[in-house]
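*Asks:* would you be able to build a 3D model of this:
(4 chains, ligands or ions: 6)
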Amino acid sequence: MSSINDFVVRFANVNGTGSASANSLFAKSIFRMGVPVSAKNIFPSNIQGLPTWYEVRVSEKGYLGRKAGIDLMLSVNPQSFKKDIACVKPGGYFIYDSTKKLYDEFLRDDINFIGIPLMEICNKEFADPRQKQLFKNIVYVGALAKLLNISFEVLEQLLSEQFKGKEKLVIPNVKALKLGGDYIAENFAFPLEFKVESRDLVKDWILIDGNAAAGLGAVYGGASVVSWYPITPSTSLVSAFEKYAQKLRIDPETGKNNFSVVQSEDELSAIGMAIGANWNGARAFTATSGPGLSLMNEFLGLAYYAEIPVVLADVQRSGPSTGMPTRTQQSDILSAAYASHGDTKQVLLFPSTPKECFDMMAESFDLADFLQTPIIMLTDLDLGMNEHMSPPFQWDDNRKYNRGKVLNAEELENAKDWGRYKDVDHDGVPYRTIPGTHPTKGSYFTRGTSHDENAVYSEDSDTYVRIMERLLKKFETAKSRVPAPQVYQEENTSEIGLLFFGTTTYAAEEAMDILKENGDPVDALRIKAFPFNQTVEDFIENHRYVYVIEQNRDAQMRTLLVNELEIHPKKLLKILNFDGMPMTADMIVDQIKIVQPQSI
Amino acid sequence: MSSINDFVVRFANVNGTGSASANSLFAKSIFRMGVPVSAKNIFPSNIQGLPTWYEVRVSEKGYLGRKAGIDLMLSVNPQSFKKDIACVKPGGYFIYDSTKKLYDEFLRDDINFIGIPLMEICNKEFADPRQKQLFKNIVYVGALAKLLNISFEVLEQLLSEQFKGKEKLVIPNVKALKLGGDYIAENFAFPLEFKVESRDLVKDWILIDGNAAAGLGAVYGGASVVSWYPITPSTSLVSAFEKYAQKLRIDPETGKNNFSVVQSEDELSAIGMAIGANWNGARAFTATSGPGLSLMNEFLGLAYYAEIPVVLADVQRSGPSTGMPTRTQQSDILSAAYASHGDTKQVLLFPSTPKECFDMMAESFDLADFLQTPIIMLTDLDLGMNEHMSPPFQWDDNRKYNRGKVLNAEELENAKDWGRYKDVDHDGVPYRTIPGTHPTKGSYFTRGTSHDENAVYSEDSDTYVRIMERLLKKFETAKSRVPAPQVYQEENTSEIGLLFFGTTTYAAEEAMDILKENGDPVDALRIKAFPFNQTVEDFIENHRYVYVIEQNRDAQMRTLLVNELEIHPKKLLKILNFDGMPMTADMIVDQIKIVQPQSI
Amino acid sequence: MSYIKPIFQHPRTPINTLGYTRKDYEGSISTLCAGCGHDSISASIVDACFELAIQPHHVAKLSGIGCSSKTPAYFLNNSHGFNSVHGRMPSVATGANLANRDLVYLGVSGDGDSASIGFGQFAHVIRRNLNMTYIVMNNGCYGLTKGQDSATADHGSKSKTGIVNNFEGIDLCAIAIELGATYVAQSFSGDKGQLIPLIKAALSHSGFSFINVISPCVTFNNNAGSTKSYDYVREHNEALSSLDFVPIKEEITTSYDPEKVKLVEMHDGSFIKLNKLIQGWDPEDKISIVNALQTAKQKEEILTGLLYINNNSIELNDLLGTVDKPLNSLTEKELCPGNAVLEGINAGLR
Amino acid sequence: MSYIKPIFQHPRTPINTLGYTRKDYEGSISTLCAGCGHDSISASIVDACFELAIQPHHVAKLSGIGCSSKTPAYFLNNSHGFNSVHGRMPSVATGANLANRDLVYLGVSGDGDSASIGFGQFAHVIRRNLNMTYIVMNNGCYGLTKGQDSATADHGSKSKTGIVNNFEGIDLCAIAIELGATYVAQSFSGDKGQLIPLIKAALSHSGFSFINVISPCVTFNNNAGSTKSYDYVREHNEALSSLDFVPIKEEITTSYDPEKVKLVEMHDGSFIKLNKLIQGWDPEDKISIVNALQTAKQKEEILTGLLYINNNSIELNDLLGTVDKPLNSLTEKELCPGNAVLEGINAGLR
Ligand SMILES: Cc1ncc(C[n+]2csc(CCOP(=O)(O)OP(=O)(O)O)c2C)c(N)n1
Ligand SMILES: Cc1ncc(C[n+]2csc(CCOP(=O)(O)OP(=O)(O)O)c2C)c(N)n1
Ligand code: SF4
Ligand code: SF4
Ligand SMILES: [Mg+2]
Ligand SMILES: [Mg+2]
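*Replies:* Ligands and ions are numbered 1, 2, ... in the order given. Okay, here's the model as predicted:
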């Protein structure tokens, strides 16, 4: 059986050996050939010397989720040979550095072995040890390209783009590519039955990771103050903001920064700075992951109750505690939704693609300013740190930032009995003022203690209740402000619906096709935000059973749905994967078979 | 109408003027006369100079919850005269310091005014200014005693007990009492129609606040390390532990402490120390309130995942954020149950009486040691800081602490392939070892990172899932270990059930009687712990509708019930009060009228 | 309950160069205990701002949690205030300052707020040389939670209940100096003559200004044996120098004997005039003050006055290379690169 | 991946006074980068414990989060370890110590772990004089999160990407001394000859022992221009003195010239023998070391060796008046007052 544009390649490397760029060169080349591709970096929580994998799925049909089963394994890491060989599908290929001979006990007769003396080749062709190391990676890309019929022009083009400015690096790289290709040409039949053929399937899409997209979105959204504390997998989000800002936010006259980024001493400080900056009228955000979210708990309660805008990007990883820092999960949902002690409800966003990371990150500042409350964007390691194919970014140049209900000097001058926490418009959203606006009007005392409509401290029961109930009204208002869900076919062709969000989307969309092919199509809806709006409620209302697909142990999104929409839990069936690896379509299809509705 | 042993007295004072002891002397005297009494301190978040109230309910029927409507108001605080007079029930009494004349506009003709020149009397009788101040409070107690027919012998007895050792203080106090009594005798008709008659209704019960009871419970439960950071209303819990330990935990030979209490630099440190001590085989706890709970979030996740016993008492106050630090609430339930990022479930206890504070606090150490996980006891300001009538404390001298599955040196010597996280007994609870136990066996590396059964770091998906699922099994085991709920009549005489916990119990029990009198009795169940055991599930199963009574805005206990027991939310009706004041029976009865079941 | 009163009343209420009266710098009625040192400090802040003629609404006042942290409600009613969470004022102040570098940032905290739960943030706001004035109202205890010892309680100090503190007290000034604070002063709530000029100079300093003000808690820590009581501080107070603050406008005419008098020129052209009392100490020489503090500690003296100043420091916004214009005043024009740029970025990602 | 190797191999593996070989003190294979300074420190810890002949299972090793905090897995396999959360090791160590004062507590941390997120806990564990040895593996960066500057990165130090650090670095030793640490040393991962005796002395000290070990991050912070690189530290390393640790058992026979040699007797009877090199410095004189550090800072020197020691300090359990017996060994008998007492308490509440 031959398989064109439909297979999975996994690279097995040692981390800290510069394999990453070679591997993404490989993925990018397929993308350039117009063939849909998705790549997952499966790396250890360690800097150097441990096994790391890079998994590339090529899919003519455009499925970008993970797929179990390896068709081709390229391994240059003897540490993991045994495990690597074991996970190749029967009929698949194991391609390895044959400089050292493979132990016989590793051999399998149901798969094909292709040995390439990578080290030997590099030792022969390159002088300095660092080069030998680095180019080994390029050599195997060349070999693989030859085997899979990937265009060398494309590869060379990519290299010349990559080393724009350092042209002299291009030559040895191209040489390394050729070395790999030639070795295959001389010693093996090629291409294999697994191969890549050019297509025009990726259109104007782009290839980027969600963190870079979100960082860029923050630049476009007008963020000018960023405070953060390093933590995987959110670090690259802030780095991306800084990188783009350095390019796009420099004051032409002075060359100074129209932004500032501060690495804080911890996450409590990071969120505190972001809150202080937003309080003072700048757009500010911070980014973190699980442990940081836990540490931000107290401050999130303050921002909720004192009604201070702030944006937080939580790039989720596997918890609890330090957990698996380099594995993905969607398990901070409850902690985020009800962050902090006392009665609180936080606004959450759930992007699924880099474009949504960009759009929602930009949008989050308008939401925060309008709603005067924290906006928590929940992405995850898979979306944040892996490159995904995505529709291109767009910006409407006529778009104005919505700074929300902020009174300027004249407005204050004319305002009668303004009060910081008065519900003037009956939408639960009060009017705020920025320090320094007016000499005698509009000053008030922001506090996390109980306060009346004029921000004055009060222990009066009725006052307290009034403010707390207005906050609920504001949360109602949020429903119509947050991004609406995406409705897939909604023909009620079936009594069953799928509900998903974030990165489960990739697997879920593929699963929908499989189910359709199997003759039982399902309706589906993708949640983009919390609080849930009417559409979500209706969708569940209109189906007898709804499968909620998520990547955590305790079905946290389902809890939110049940709790906030007053739905019978038995109506919402759990489909879960929480092993730290991105979910696959097969997992969903299989679990739908198993998890059968009980009568309510 | 005369009202014997059934009325509400409120004292209006200025805080920091030493009125507290005089007021509780008053309450205690009624208790001594064998009449059920409950007292609520309604104080500001401030040290000196602001209005503070003390509300005493006398109830022949033994209702200990709050009751709206003041029969007698005793006010010595001109700041609050207006407000105080306004809240007296028609026909009630306003008793005040008439040294200064009352503004006419304050007068009401539907209530009675009794003016006593307290300051004048004290100025005449006492020399030093501090004494004038302090004895003024005793004078009004004497006056009130006369008016309400409270026994002066009892009062004098209480004074002599209070000043045991400082006898010379007794004389002036008794004198002050008499001054008040005599002034009434000479100027007013007494007793009033509101009066106290001796009874034998309090049996062997005691009068104590929940924090003191919990502190004592920790002494009996074997806590030897206490780390804490001051915060109202939990501070007095630790002070009580220290006070009792200073008496009961001194090593006879050396005079040194068989305990240690450390005031930490913050709550993160407090819980960290408690975790370190428990890890090392001592019984340790910390106490805090909402803001501290938020700060302990990350560490609670560590203890959950690394399976370290630790006890935390959260004396809840009104949130969110700093909120109303001196008002009560039950609003940390969700934050505690799912504390920390990632998938976590924490064990919670809900005491209702001082005796239960004592029992559950002691019990919590056995639970923590057996389950190897945090045990969070949720009380509140009302229970913790107000004196409550309670059944007396008891201890079975044959009782042994259950230290759980801890291996000693011999056991380790004989253990084959022991592994820290192996589920040997299939109850999800593994065997632990304490540092220093055995020279070569039993050492392991405790970590918040993902680990296998031998506590070795692992990023393997299956291993991670195995451990996370065992933690769920352990949580199942917890159901049978935590205190069972209290079932009130369960005759299905009605299709409606009441569900409550903690301090809502007082109001709920009274409400049950009222409903019965009104001819529609209800079944009821009191929750004592989370996870909920079968009895709770059955109770809800056996009733068409269940009212869940709680003191928070978002019906947090109801959320837990729906989420953990898979119950249709519409079946659980909300009865909420979250204004910071303890709930009353009338609130419940009224809301039951309003909150009518919708068809499911 | 006590009121913040001006120290003395003129027949005609005086007006500052901006035309404001002292009243315009006052706050709400204090709810602190009568006699609380914190109220005197609030009064000094009012005086300093009035005399310096700062635009009240150009001040942002921030605090943590505690009796001390309540005080921003008791001064500068026309300034925005932010009573944040316990120990975290420095981070909020940092964010606020980054958002608008043009305002004057006045942070008020307590010893519990800054030396216990907030010690980390205290250290790091110093490291960043944030342009703000940071006042700790230091009473050696947790007033609002009823008087427990704080981390600045001195070793051997006796509490109201007679218990002696066994732990070393943290010397916030020494720590601030070690961490690179560029203006460090110590004073006493009871000594307005010294405190007011110190606050004025702090507000005029560019960079992080720290003033540790010993402020007795009359309710819980003013007993005999307490090293933070009025009596003890009066006895052990050792002024490094007497000082005046000389505003920009006033010319320094007469010449002084440099042996006795030192003039420190501030970043904004104003001066601190120090009548030096202590030998071998120079406020611009770090080693000299580090020594003075070590020696004073051994002699159980409390050094007060300006301890250390460095006028050549670079404050955070400049360290970061931020534009001079307040970031909160930037508009779409400066903030949003627009769609054309985005097209280019897309192109680079294909 | 690198292995911790003994510095030299005897033909016959040596055995210590307890009969243990060095192997009995080793840990699992390190997963740190080849050449990471932290691995050398782990090796020195192994050597120190082996030579001191500590019962391996009487040591509790604790850490926070970071490459440095991973190292407890790479030494003392027979000791219980606790890899806690980021920056919070001190509190966990404090609780552990209170539970059992008889074990040896060895805390390992990083500069990010201790000087940034953990600075508050670092300060307060010192204040409490917890009886433990606290080693910071200081590489001036966040290794595990890929090399961002930490709070100990020196002003002017250049990162791998060529960016210069504008912030003042925190001098953990100076801070520790100011906060009252009773044993403070500084060393270099590359100098085992100095580091091993320093660790031995620290483990023998009663009270808080702090060792700041500069430990280059070969992957992210070993570039030219970095003040935490191997080359820079070798050049700027200024040893206060050369020293040996003399165990209890060995008699001090020969007499030394007090001008050149200083003997410091430890709490347990062992000695530190210092061949003094630097003038005007005495490890028992706080002011002398505070000065030495200030001067060294100005000369851009890194002072190494034993900086300060105070052998008359009282450790936490004694400050609290805790019984000598480990609290975790108390039974119902000592812990539970029993029902009779409870009856009495009830009576008092009626
Ligand atoms: C997170 C948190 N922990 C504890 C508290 C309780 N609390 C309020 S004020 C305070 C200490 C205040 O001491 P200090 O800062 O010295 O102020 P002072 O009252 O002495 O002026 C504490 C512990 C709190 N509000 N928040
Ligand atoms: C609460 C929290 N925030 C952030 C992180 C991410 N993190 C892991 S290690 C580390 C810094 C480690 O630096 P350092 O302590 O100097 O150790 P090194 O790796 O340099 O040895 C950070 C920020 C975390 N694990 N937990
Ligand atoms: S308690 Fe102390 S600090 Fe607080 S207001 Fe009263 S005197 Fe001031
Ligand atoms: S990253 Fe740096 S600190 Fe971490 S292991 Fe590698 S060299 Fe050591
Ligand atoms: Mg204080
Ligand atoms: Mg480091």
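*Asks:* now do residue 226: how many residues are near it, please.
*Replies:* No chain specified, so I'll use chain A. Number of residues near A:Val226 (other Cβ atoms under 10 Å in any protein chain shown) recorded here: 29. To be clear about C-beta, it is placed using only N, CA and C from the backbone, and glycine gets the same treatment.
*Asks:* please go with chain C instead
*Replies:* Per other Cβ under 10 Å, the neighbour tally for C:Ser226 reads 25.
*Asks:* show me the shaky parts of the stretch 51-200 of chain C.
*Replies:* For the stretch 51-200 of chain C, no stretch is flagged by pLDDT under 70.
*Asks:* which bits of chain C sit near ligand 5?
*Replies:* Listed as neighbours of ligand 5 in chain C under the rule Cβ under 5 Å from the ion: C:110-112, C:139.
*Asks:* what's the first helix or strand after the host helix or strand of A:Val9?
*Replies:* Counting by DSSP states H and E, the element that carries A:Val9 is strand A:6-14. The helix or strand immediately downstream of strand A:6-14 is helix A:19-32, counting by DSSP H and E.
*Asks:* list the helices and strands that following helix packs on?
*Replies:* Judged by 3 or more Cβ pairs under 8 Å, 6 or more residues apart in numbering or on different chains; DSSP states H and E, helix A:19-32 is in contact with strand A:6-14, strand A:37-42, strand A:51-59, helix A:129-148, helix A:152-162, strand A:206-209, strand A:387-390.
*Asks:* angle of it against helix A:152-162?
*Replies:* If you take axes from the mean of the first three to the mean of the last three Cα atoms, to 10 degrees, helix A:19-32 sits at 120 degrees to helix A:152-162.
*Asks:* the helix or strand hosting C:Glu343 and chain A, are they touching?
*Replies:* Counting by DSSP H and E, the element that carries C:Glu343 is helix C:339-348. Yes - with Cβ under 8 Å from any Cβ of the partner chain as the criterion, chain A is reached by helix C:339-348 at C:339, C:341-342, C:345-346.
*Asks:* would you format the residues you listed as TSV with neighbour count and pLDDT included?
*Replies:* As requested, the residues of helix C:339-348 next to chain A are exported to TSV (neighbours: other Cβ atoms under 10 Å in any protein chain shown; pLDDT from 0 to 100):
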residue	neighbour count	pLDDT
C:Asn339	17	98
C:Val341	18	98
C:Leu342	20	98
C:Ile345	20	98
C:Asn346	19	98
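*Asks:* can you narrow those to ones near ligand 3?
*Replies:* By Cβ under 6 Å from any ligand atom, no member of those lies near ligand 3.
*Asks:* can you map out the helices along the stretch 101-250 of chain C?
*Replies:* All helices of the stretch 101-250 of chain C, identified by DSSP state H, counting those that start in this stretch, fall at C:111, C:119-127, C:172-178, C:192-204, C:230-236.
*Asks:* quick one, which of those gets closest to ligand 3.
*Replies:* Taking Cβ to the nearest ligand atom, helix C:111 is the member of the helices of the stretch 101-250 of chain C nearest to ligand 3, at 10.1 Å.
*Asks:* so is that closest one next to ligand 3?
*Replies:* No - Helix C:111 stays clear of ligand 3 (Cβ under 6 Å from any ligand atom), getting no nearer than 10.1 Å.
*Asks:* just checking, what packs against that helix?
*Replies:* strand C:132-138.
*Asks:* restrict the strand it packs on to CA atoms and write it as CSV.
*Replies:* Written as CSV, here are the backbone C-alpha positions of strand C:132-138 (Å, rounded to 0.1, in the frame of the first residue of the first chain):
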residue,chain,number,x,y,z
MET,C,132,8.8,56.5,44.4
THR,C,133,8.8,57.5,48.1
TYR,C,134,8.3,54.5,50.3
ILE,C,135,7.4,55.1,54.0
VAL,C,136,7.3,52.4,56.5
MET,C,137,5.4,53.3,59.7
ASN,C,138,7.4,51.0,61.9
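*Asks:* contacting residues around that strand?
*Replies:* C:37-38, C:41, C:45, C:67-68, C:71, C:90, C:93, C:97, C:104-111, C:113-115, C:122, C:125, C:152, C:172, C:189, C:199, C:202-203, C:205, C:208-215, C:228 (Cβ atoms under 8 Å, 6 or more residues apart in numbering or on different chains).
*Asks:* repeat that for stretch A:435-445.
*Replies:* Under Cβ under 8 Å, 6+ apart, the answer for stretch A:435-445 is A:279-281, A:407-409, A:412-413, A:415, A:418, A:420, A:433, A:454-457, C:55-58, C:60, C:72-73, C:77-83, C:96, C:100, C:102-103.
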